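Asks: Give me coordinates for this.
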Amino acid sequence: MRICDAHCDTLYNLVNTPGSANDVTMERLIAGGVALQVMAMYVGPKAPIEETEALFNKMLAAFEGLKAQGWVQAMDPSEAVDGQVKVMLSIEGCEVFERGLHVIQRYRDLGVRMAAITWNHENALATPHCINATDGLKPFGLEAVREMQRLKIAVDISHLNEAGVNDILTKTDVPPMASHSCCRALKDHTRNLTDEQLKAVFRAGGFVALNFYPAFLADGPSTMDTLVDHFDHMLAMGGEGKIGFGSDFDGITSKPEGLDNPADFPALLDVMRRRGYSEQQVKSIAGEAMIDYFARI
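Replies: The predicted structure is shown next:
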């Protein structure tokens, strides 16, 4: 079974808190049977473009350091192999694209295969969920999204506001993905996707990976069953074959009970089986749906 995780913030931690204990380690990825771990280059707090570029260069250097230790980079999810661990680059916050569309090609050449338009502050492309729901993509943002789509970089709507998501769905012709998002119907938070957004993304052929952060899952404590509740809801919205894991490990301050790091993925799969998911559904959510999404785009 090819387990894929669409989002972690380990590279940022390696740069900003070197030597600290991280959720994502090679030993834990192997123990959890993870075939593909997507590692985000996270923009961090709002800063001048020069500082953001310097941060990204440090994260790229950290990624090269992992490869020097034997970690294997995937340039496409189809390269995931059961029994092997590979890692793939993404971007969380597209401030580095603000120099111009030509920069997007550079990051594609480095192996970036998905990019979240915003984090939690406005940039030259768009407005995040936490500022307002009504400002759509900026003109440069629409240009950047279309260039990303041309280069087969998945457009990631996690953190983006509602109007921005709608613009991607209605003004471009390649379905977006959400690398780490939950259902607003189950937890009323602007960071989560509404039923209308879920239906539209699934109808378009997109993909949604579930965030493991308890604050986005429920009002009280979260368990692995809480995650499966969100998968149940996504399936009811048309998500069969279009949902997966987006843990946000190394980027979240708490976790659901029993789900502390990648080594715990098999336990989550067992909870899905106990809840009545077929083996085909478990296999799809574990990773095949994400691989299929990239084949579609």
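Asks: quick one: the helices in this structure?
Replies: 10-16, 26-32, 49-68, 102-109, 139-150, 162-171, 195-204, 224-236, 265-274, 279-283, 289-296 (DSSP state H).
Asks: Would you mind giving the ones you listed as JSON lines with mean neighbour count added?
Replies: Any C-beta I mention is one placed from the backbone N, CA and C, and that applies to glycine too. Converted to JSON lines, the helices of the chain look like this (neighbours: other CB atoms under 10 Å):
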{"stretch": "helix 10-16", "mean neighbour count": "21"}
{"stretch": "helix 26-32", "mean neighbour count": "17"}
{"stretch": "helix 49-68", "mean neighbour count": "15"}
{"stretch": "helix 102-109", "mean neighbour count": "16"}
{"stretch": "helix 139-150", "mean neighbour count": "19"}
{"stretch": "helix 162-171", "mean neighbour count": "20"}
{"stretch": "helix 195-204", "mean neighbour count": "19"}
{"stretch": "helix 224-236", "mean neighbour count": "20"}
{"stretch": "helix 265-274", "mean neighbour count": "17"}
{"stretch": "helix 279-283", "mean neighbour count": "14"}
{"stretch": "helix 289-296", "mean neighbour count": "19"}
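Asks: Any idea what residue 207 is bridged to?
Replies: residue 177 (DSSP bridges).
Asks: Need the pLDDT of it.
Replies: What the model reports as pLDDT for residue 207 is 99.
Asks: so it touches residue 177, yeah?
Replies: Yes - taking contacts as CB atoms under 8 Å, residue 207 lies within contact range of residue 177: 4.2 Å.
Asks: These two: who's more crowded?
Replies: Neighbours were counted for residue 207 and for residue 177 using other CB atoms under 10 Å; residue 207 has more, 30 against 25.
Asks: before we move on, the earlier item: select, out of the helices of the chain, the one closest to residue 257.
Replies: helix 224-236 (7.3 Å; CB to CB).
Asks: Could you dump the helices of the chain into a markdown table with distance to residue 214 and mean pLDDT added?
Replies: Putting the helices of the chain into a markdown table (distance: least, CB to CB, whole Å; pLDDT from 0 to 100) gives the following:
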| stretch | distance to residue 214 | mean pLDDT |
| --- | --- | --- |
| helix 10-16 | 19 | 97 |
| helix 26-32 | 19 | 98 |
| helix 49-68 | 26 | 98 |
| helix 102-109 | 32 | 98 |
| helix 139-150 | 31 | 98 |
| helix 162-171 | 23 | 98 |
| helix 195-204 | 20 | 98 |
| helix 224-236 | 8 | 98 |
| helix 265-274 | 14 | 98 |
| helix 279-283 | 23 | 98 |
| helix 289-296 | 23 | 98 |
